[in-house]
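Novice: Quick one: sequence and predicted model below, then my questions.
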Number of protein chains: 2
Amino acid sequence: MKFYIAKSRRLRSTPYTSRIENQGVTAYTTYNHMLLPASFGSLEKEYFHLKEHVQVWDVAAERQVQITGKDSSKLVQLMTCRNLSKAKIGRCYYAPIIDEQGGTLNDPVALKLDEQRWWLSLADSDIGLYAKGIASGLGLQVEITEPDVNILAIQGPKSFKLMEKVLGKKITELKFFGFDYYTFKGNKFLIARSGWSKQGGYEVYVENREAGQSLYDELFSAGKEFQVEPGCPNLIERIESALLSAGNDFDSRDNPYECGFDKYIDIVSDIDYLGKKALIKIFKEGINKKLMGVLIDTDKIEVTEEVQLYEGSNIVGDLRSATYSPDLKKTVGIAMIKKKYWDKTIPIELRIKEKSSKGRLCDLPIVS
Amino acid sequence: MKFYIAKSRRLRSTPYTSRIENQGVTAYTTYNHMLLPASFGSLEKEYFHLKEHVQVWDVAAERQVQITGKDSSKLVQLMTCRNLSKAKIGRCYYAPIIDEQGGTLNDPVALKLDEQRWWLSLADSDIGLYAKGIASGLGLQVEITEPDVNILAIQGPKSFKLMEKVLGKKITELKFFGFDYYTFKGNKFLIARSGWSKQGGYEVYVENREAGQSLYDELFSAGKEFQVEPGCPNLIERIESALLSAGNDFDSRDNPYECGFDKYIDIVSDIDYLGKKALIKIFKEGINKKLMGVLIDTDKIEVTEEVQLYEGSNIVGDLRSATYSPDLKKTVGIAMIKKKYWDKTIPIELRIKEKSSKGRLCDLPIVS
């Protein structure tokens, strides 16, 4: 069954909404109280296109929490288990945000813009409110805002050629997870080499709406020779690549070890963050579930809530995201799996209504 | 143009989702990372039905932040400008949540369940994260969770008869904004006389999913004689009644005076809350904009972002919610209006694309 989305001011439009609607967007999700395009008609067609050409995505819904002021670095560090003490201006840092119990609240990319200025480029939860609460509680000298930044992502193997054509050769020198400033028609844009696909590309942090719309239009006219298309984060590609989705694959009941964020956790240095005690305890005790990949012999699935996976009458874990992969000719998924099954030797079973499908566990990413 | 909603685990389904989908829901919005039905096909038909009969609403998306522990009352008070020092167990309190700058973050109903146990029944923002931040910053002894409570609202003039039939005579004695516990088929339910319409009714705070589903089904079989229908918060009715919607009618850039929450603001007593200093300053200086009603001579409108209202070339304010009222034969709306226009004497103009419509300002609620 399909349902319409009831639009309102609360589910904010973006500076690009009228453009993508003219270009044939068919479905939205919501993300940080904003519209995020989810399809232009065919997930599979968009998947193959993304892996071969270049797409421009309206991902303005990746909202920024801006933290400025004397205590800004202290506050950012308090929220994340990643050691940011040596963070450099001009670099992006994948930085899981956790609460005092060690629950994972969000997995933003942190951008250090200046010694006293950070952006947290968010997944879908109001981390600005968490930051405000901590700052008020501790009396920190910070200002916390949501600036009007509306990201355009340019993704796909031809994104490099397209961006070079529009912005000049210098953009090709940008390293992965680096960011710098580039000029288009007299307007300066912060551009990072990043994005929510593994096909390569950039994210343009647009701070001036009109300038961003003008860049958007230029990307499509200059991009014709690269078969540019409008697009959006692709469910198939992101599951295969194990780009986790907060709220789908994990939530605050899962700790960052269970999410596989081990390399972004520092419990050894003397940095101070809220869930540190909890994570030390979790590390010592060890975890009993973790995120893994699944491959299932079915060609149709829609996951709208946790779906249990079985071995006979035993529960193996729960499937949290899944979709059919036309490349692998199987359903690919991300699931939270009990320790007993981590060795991947035991066949699993998915049961939806009367239908049972066989499958197996695998490592993440599923395709690398 | 209409667009589908792309479902996923992140936009959580409710215990009633499969039921409302069988009953013909056509559109969803999202609210607190959950599906909230927005229409069953005709807003106008549902509006007239709601005002005459009784509807059962899946409003599980009104999530609860549960705050327990020694410092729970202290924490709840820190977040709201309403004086809750004399709050009674068994009563609901409309309690605007504000930040240190006096910005309005949410307008939940606070339920005092016990001396050390509160629920904040939320509008759409992650106030649980705000609470966690404050608690961590101050080292408060509290536990903050989102319990699996999934509200069913029974709304409309015949809701009293229906609830009496299903739950017994005692429910009719419940006073407005009171709550108590009632038993159905051996299961205890917390029920409040409240709801997001002005047509009268109840909200059942369902804590046991299966029991809630069984109650849901009973309401429909017992409700046949009262012409019960599935429904949802109705855009027309809620605008006419001035039931404000956080994120639509106001957001964190608006203070509670500007929202008309004056009677829920205490800057005089010695209670302690985060935005108190800011509100005292705002009160002394006075406000320059406030929410008002608008009546516009047009029969079609869809507000998906702020729309400016004019007097000639002057901006009067911005329209934040609006819809056509078949009763008033005009478009009704809620707008943030500049002080100069508060006396309601100056005609206003709405311009959408090439079309201009005349209108006037009015008090809230528009219909009382």
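Specialist: Happy to help now that I have it.

Novice: Buried residues of whichever strand or helix holds A:L50, list them for me.
Specialist: Assigned by DSSP states H and E, A:L50 belongs to helix A:43-52. Using 16 or more other C-beta atoms under 10 Å in any protein chain shown as the test for burial, helix A:43-52 gives A:L43, A:E46, A:Y47, A:H49, A:L50, A:K51. For every residue, glycine as well, the C-beta is placed using N, CA and C.

Novice: Need the per-residue pLDDT for the second one.
Specialist: According to the per-residue confidence, A:E46 scores 98 in pLDDT.

Novice: need the contact list for it.
Specialist: When contacts are counted by C-beta atoms under 8 Å, 6 or more residues apart in numbering or on different chains, A:E46 touches A:S39, A:F40, A:Q55, A:E229, A:G231, A:C232, A:N234.

Novice: Out of the residues you listed, which end up buried?
Specialist: A:S39, A:F40, A:Q55, A:E229, A:G231, A:C232, A:N234.

Novice: Now render those residues as JSON lines, adding distance to B:V142, secondary structure and pLDDT.
Specialist: Conversion of the buried ones among the contacts of A:E46 to JSON lines gives the following (distance: C-beta to C-beta, whole Å; DSSP: H, G, I helix; E, B strand; the rest coil; pLDDT from 0 to 100):
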{"residue": "A:S39", "distance to B:V142": "42", "secondary structure": "strand", "pLDDT": "97"}
{"residue": "A:F40", "distance to B:V142": "46", "secondary structure": "coil", "pLDDT": "98"}
{"residue": "A:Q55", "distance to B:V142": "46", "secondary structure": "strand", "pLDDT": "98"}
{"residue": "A:E229", "distance to B:V142": "50", "secondary structure": "strand", "pLDDT": "98"}
{"residue": "A:G231", "distance to B:V142": "44", "secondary structure": "strand", "pLDDT": "98"}
{"residue": "A:C232", "distance to B:V142": "39", "secondary structure": "coil", "pLDDT": "98"}
{"residue": "A:N234", "distance to B:V142": "41", "secondary structure": "coil", "pLDDT": "98"}
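
Novice: nearest to chain B, of the residues you listed?
Specialist: Set against chain B, the nearest of the buried ones among the contacts of A:E46 by C-beta to the nearest C-beta is A:S39 (6.4 Å).

Novice: quick one on the thing from earlier: let me have the buried residues of helix A:43-52 in JSON lines, extended by distance to B:V166.
Specialist: Putting those into JSON lines (distance: C-beta to C-beta, whole Å) gives the following:
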{"residue": "A:L43", "distance to B:V166": "44"}
{"residue": "A:E46", "distance to B:V166": "48"}
{"residue": "A:Y47", "distance to B:V166": "49"}
{"residue": "A:H49", "distance to B:V166": "54"}
{"residue": "A:L50", "distance to B:V166": "52"}
{"residue": "A:K51", "distance to B:V166": "56"}
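
Novice: Can you tell me which of these lies closest to chain B?
Specialist: A:L43 (9.5 Å).

Novice: Check which helix or strand A:G24 maps to.
Specialist: Applying DSSP H and E, one finds A:G24 in no helix or strand.

Novice: Against A:E46, how distant is it?
Specialist: 11 Å (C-beta to C-beta, to the nearest Å).

Novice: next one: A:R238
Specialist: Distance, A:R238 to A:E46, using C-beta to C-beta: 12 Å.

Novice: intersection of neighbour lists for A:G24 and A:E46?
Specialist: With C-beta under 8 Å, 6+ apart as the test, A:G24 and A:E46 both reach A:F40.

Novice: For A:I134, which non-adjacent residue is closest in space?
Specialist: B:G133 (4.1 Å; C-beta to C-beta, 6 or more residues apart in numbering or on different chains).

Novice: quick one: the one you found and A:I127 touch, right?
Specialist: No. Contact criterion C-beta atoms under 8 Å: B:G133 and A:I127 do not qualify, at 9.4 Å.

Novice: quick one, what contacts the residue in the stretch 101-250 of chain A that chain B sits nearest to?
Specialist: Nearest residue of the stretch 101-250 of chain A to chain B: A:G137, at 1.8 Å (C-beta to the nearest C-beta). A:G137 makes contact with B:G133, B:I134, B:A135, B:S136, B:G137, B:L138, according to C-beta under 8 Å, 6+ apart.

Novice: Include pLDDT and secondary structure when you put the residues you listed into CSV, please.
Specialist: Formatted as CSV, the contacts of A:G137 follow (pLDDT from 0 to 100; DSSP: H, G, I helix; E, B strand; the rest coil):
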residue, pLDDT, secondary structure
B:G133, 98, helix
B:I134, 98, helix
B:A135, 98, helix
B:S136, 98, helix
B:G137, 98, helix
B:L138, 98, helix
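
Novice: Neighbour-wise, give me the winner out of those.
Specialist: In terms of neighbour count, B:G133 stands highest of the contacts of A:G137 at 29 neighbours, by other C-beta atoms under 10 Å in any protein chain shown.

Novice: Give me the pLDDT for A:S368.
Specialist: 81.

Novice: how many neighbours does A:V166 have?
Specialist: Neighbour number of A:V166 under other C-beta under 10 Å is 17.

Novice: Hmm, I typed the wrong one, I wanted A:T29.
Specialist: 24.

Novice: Mind telling me what element it is part of?
Specialist: A:T29 belongs to strand A:27-31, assigned by DSSP H and E.

Novice: now the angle from that strand to helix A:43-52?
Specialist: 70 degrees (axes from the mean of the first three to the mean of the last three C-alpha atoms, to 10 degrees).

Novice: Averaged pLDDT, strand A:27-31. What do you get?
Specialist: 98.

Novice: roughly how far out does it sit from the chain middle?
Specialist: Put simply, strand A:27-31 sits 14 Å off its chain's centre (C-alpha atoms, centre = their mean, to the nearest Å).

Novice: Who does that strand pair with, and is each partner parallel or antiparallel?
Specialist: Taking DSSP bridges as the criterion, strand A:27-31 forms sheet pairs with strand A:34-39 (antiparallel), strand B:4-5 (parallel).

Novice: and stretch A:56-74, is it in reach of chain B?
Specialist: No. Judged by C-beta under 8 Å from any C-beta of the partner chain, stretch A:56-74 and chain B are separated, with a smallest distance of 11.3 Å.

Novice: what do you get for stretch A:187-201?
Specialist: No. Counting by C-beta under 8 Å from any C-beta, chain B has no neighbours in stretch A:187-201; the shortest distance is 14.0 Å.

Novice: Now do the end-to-end distance for that stretch.
Specialist: 21 Å (C-alpha to C-alpha, to the nearest Å).

Novice: can you give me the mean pLDDT across that stretch?
Specialist: 97.

Novice: try stretch A:142-151
Specialist: 98.

Novice: mind checking how far it is from the chain centre?
Specialist: Per C-alpha atoms, centre = their mean, the displacement of stretch A:142-151 from the mean C-alpha position of its chain is 18 Å.

Novice: Identify all contacting residues around it.
Specialist: A:14-16, A:59-60, A:62-72, A:75, A:119, A:121, A:128, A:131-132, A:135, A:203-207, A:209, A:212.

Novice: packing partners for the strand or helix carrying A:W118?
Specialist: Using DSSP H and E, A:W118 sits within strand A:117-121. Here strand A:117-121 touches strand A:64-68, helix A:72-79, strand A:109-114, strand A:201-206, going by 3 or more C-beta pairs under 8 Å, 6 or more residues apart in numbering or on different chains; DSSP states H and E.
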